[in-house]
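Novice: Okay, structure incoming, though there's no sequence with it:
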């Protein structure tokens, strides 16, 4: 059985995803955020697009005034399409009638702007505008049409083929006719069309779309595009996908390309291509990824840095790169069945995707720094903000790709929780959920998952329906649990330790049977590979999947976070609200808030070790840390994830060869 309501629907692979008609999130951390997404964020995005004129561009195109009245960047169309996609997935989750009406209204706005041959753009091709495909490096025409195709696929899977799906297929046919064999032998500077075409091929069964996606993947990396300001690596046009050893260049582009390459590899059985992407993912996770799962350490070109160049105060870690990393990780998990991909998906969901939106779902982080040195200024509520200029979440941006990307990710989130195969059902992400699917041969299975995750580590799965044959229920044991003990309790009450990876129970289940996973979510110190120079002499705290941070609002006497020193000889402990369901609560660590005595603010900042003017500690204190995803919820503050230790500045021990200050 294959679900029809699937954001990603491979026809082959190690695992079969379960769709929005098979998994329903019913409570907890993610249910609250999804509720906010449905009741606030979608309307917020639509209101802002109307306000800044992005939806009006389609009407202006039809009325012949687009050359003087167009608003927004060249890729503004894509935000309308991502909003449509988010609405379509949300409509599949419950009472979708109001959203269906919104989709129809937006589709009626978009449809008349499509030209007779299927081309659709408000930025190119009309009188007074640049010619079609005259700027493949930065024009984003194929990128925008790719998001249109994704929206059409979402509508078709959620509601059956409608007008949006027809518009999308006409656009895809135009792309294939224009860029296929004998056409323009190039590709878009911003990948995205590749995954869209593969998903449309999966939906329709038309080989033409898959062939075009494969053609786009194989064309890249041969110096086809102009070099541009940031070089060809920015577009991933410096090396063929099959030869690259790590993700590089613009982070979102690189991750979207990798996701599209996995889609092509899975559908064509191209093991070489799949192995190349796995190799790139491994190198990137090992050397170019932040503790939060964030990717991209360069602001200027929104790109990956060199290996181990991960400065916390200059972390770009764009929200869209987090979304793209989740997309890639999910595809690799389905293709290989390896839980390490779900580990990074979890880390990124909790610490990047969940960090971007405010509690009310009406403001967002574009970039996700790990160290804020100066208190931010609240952005104006009625003015769009520069992309990474605000120390607080902003309601909208001149480039507002992140709000709509968060919206469509939360809308399809239930589809990231579980999979099935010939042996049984696998749980990869933990939330209160009801799951109903069929195994091989049409054998029905129903599960109810109840958990206090991520605040607590108990995950209980109750069997509601089961065939009278043995099958396997598998649960992911996260890699963050390494070094502690996780336990699995089977329906007979037998409790056994389980290591990071996959824990499974195979048996004839009966309705009412329960399986419980107990994960060690106590807070723990984290230290970085010493090759990450920017965080030497510091540590971080993680509790379960959540990364924690210090905020100035929790410090005494107006101190900022740069005055903190922590004592790693004492373990972090849960603080007030540490076990509060769904929030992560607080953590308290031993430390001190240091002060300077007898030192001028204009003094030379470098001194010999032991100089009498070096920092003198205040009284030892308990320092409160909060989940990183909640930082700035309480107004302007300074913040840091990586915390200097009280041993900072101790010289290296020449006998041990280790930096005792770590």
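Specialist: Looks like it came in fine. Keep in mind that this is a model prediction, so the values were computed, not measured. Numbering: from 1, shown residues only.

Novice: Every contact and neighbour count from this point should use C-alpha atoms.
Specialist: Fine.

Novice: give the contact list for residue 61.
Specialist: 113, 122 (Cα atoms under 8 Å, 6 or more residues apart in numbering).

Novice: does residue 318 really touch residue 294, like I thought?
Specialist: Yes. Contact status for residue 318 versus residue 294: in contact at 7.3 Å, counting by Cα atoms under 8 Å.

Novice: what touches both of those two?
Specialist: When contacts are counted by Cα under 8 Å, 6+ apart, residue 318 and residue 294 are jointly contacted by residue 368.

Novice: where along the stretch 101-250 of the chain do the helices fall?
Specialist: Using DSSP state H, counting those that start in this stretch, the helices assigned to the stretch 101-250 of the chain run over residues 141-159, 163-179, 193-204, 207-219.

Novice: what's the closest non-adjacent residue to residue 333?
Specialist: Leaving aside its sequence neighbours, residue 333 sits nearest to residue 341 (Cα to Cα, 6 or more residues apart in numbering; 5.5 Å).

Novice: tell me the secondary structure for the one you found?
Specialist: helix (DSSP: H, G, I helix; E, B strand; the rest coil).

Novice: does it really touch residue 330, like I thought?
Specialist: Yes. When contacts are counted by Cα under 8 Å, residue 341 is listed as touching residue 330 (6.9 Å).

Novice: burial measure for residue 619, as a count.
Specialist: Neighbour count for residue 619, taken as other Cα atoms under 10 Å: 9.

Novice: wait, it sits on residue 565?
Specialist: No. Residue 619 is beyond contact range of residue 565, at 11.5 Å (criterion: Cα under 8 Å).

Novice: what sits in contact with each of the two?
Specialist: With Cα under 8 Å, 6+ apart as the test, residue 619 and residue 565 both reach 592-593.

Novice: can you pull the pLDDT of residue 577?
Specialist: pLDDT recorded at residue 577 is 73.

Novice: Nearest residue to it in space, please, no chain neighbours.
Specialist: Nearest non-adjacent residue to residue 577, counting by Cα to Cα, 6+ apart: residue 585, 4.3 Å away.

Novice: Could you give the secondary structure assignment for that neighbour?
Specialist: Recorded secondary structure, residue 585: coil (three-state DSSP).

Novice: since we're on it, how many residues are nearby?
Specialist: Count around residue 585 with other Cα under 10 Å applied: 21.

Novice: And it, how close does it get to residue 624?
Specialist: According to Cα to Cα, to the nearest Å, residue 585 and residue 624 sit 10 Å apart.

Novice: Mutual contacts of those two, please.
Specialist: Common neighbours of residue 585 and residue 624 (criterion: Cα under 8 Å, 6+ apart): residue 575.

Novice: just to revisit the earlier point, could I get the helices of the stretch 101-250 of the chain in JSON lines, plus columns for mean pLDDT, distance to residue 349 and mean neighbour count?
Specialist: Listed next are these as JSON lines, based on pLDDT from 0 to 100; distance: least, Cα to Cα, whole Å; neighbours: other Cα atoms under 10 Å:
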{"stretch": "helix 141-159", "mean pLDDT": "97", "distance to residue 349": "21", "mean neighbour count": "26"}
{"stretch": "helix 163-179", "mean pLDDT": "98", "distance to residue 349": "29", "mean neighbour count": "20"}
{"stretch": "helix 193-204", "mean pLDDT": "98", "distance to residue 349": "21", "mean neighbour count": "25"}
{"stretch": "helix 207-219", "mean pLDDT": "98", "distance to residue 349": "27", "mean neighbour count": "20"}
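
Novice: now for these, which one comes closest to residue 270?
Specialist: Each of the helices of the stretch 101-250 of the chain has some distance to residue 270 by Cα to Cα; the shortest is helix 207-219, at 10.3 Å.

Novice: ok, residues contacting the closest one?
Specialist: Contacting residues not belonging to helix 207-219 are listed as 172, 176, 179-180, 185-187, 193-195, 197-198, 200-201, 240-241, 257, 260-261, 264, 267 [Cα under 8 Å, 6+ apart].

Novice: Counting neighbours, show which residues of the helix or strand that that helix is followed by come out buried.
Specialist: Downstream of helix 207-219, the next assigned helix or strand under DSSP states H and E is helix 251-268. Using 16 or more other Cα atoms under 10 Å as the test for burial, helix 251-268 gives 251-267.

Novice: likewise stretch 515-523?
Specialist: The neighbour-count check on stretch 515-523 (16+ other Cα under 10 Å) flags 515-523 as buried.

Novice: And that stretch, end to end?
Specialist: First-to-last residue span, stretch 515-523, Cα to Cα: 25 Å.

Novice: Check stretch 156-170 too.
Specialist: First-to-last residue span, stretch 156-170, Cα to Cα: 14 Å.

Novice: Which stretches in the stretch 351-500 of the chain count as helices?
Specialist: For the stretch 351-500 of the chain, the helices defined by DSSP H, counting those that start in this stretch occupy 401-411.

Novice: could you pull out the strands for it?
Specialist: Secondary structure of the stretch 351-500 of the chain (DSSP state E, counting those that start in this stretch): strands at 371-372, 418-420, 424-427, 432-439, 443-451, 458-465, 471-477, 486-489, 495-498.

Novice: Using JSON lines, lay out the ones you listed together with mean neighbour count and distance to residue 39.
Specialist: Shown next, in JSON lines, are these (neighbours: other Cα atoms under 10 Å; distance: least, Cα to Cα, whole Å):
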{"stretch": "strand 371-372", "mean neighbour count": "22", "distance to residue 39": "31"}
{"stretch": "strand 418-420", "mean neighbour count": "22", "distance to residue 39": "25"}
{"stretch": "strand 424-427", "mean neighbour count": "22", "distance to residue 39": "28"}
{"stretch": "strand 432-439", "mean neighbour count": "20", "distance to residue 39": "20"}
{"stretch": "strand 443-451", "mean neighbour count": "19", "distance to residue 39": "24"}
{"stretch": "strand 458-465", "mean neighbour count": "20", "distance to residue 39": "28"}
{"stretch": "strand 471-477", "mean neighbour count": "22", "distance to residue 39": "31"}
{"stretch": "strand 486-489", "mean neighbour count": "20", "distance to residue 39": "37"}
{"stretch": "strand 495-498", "mean neighbour count": "14", "distance to residue 39": "40"}
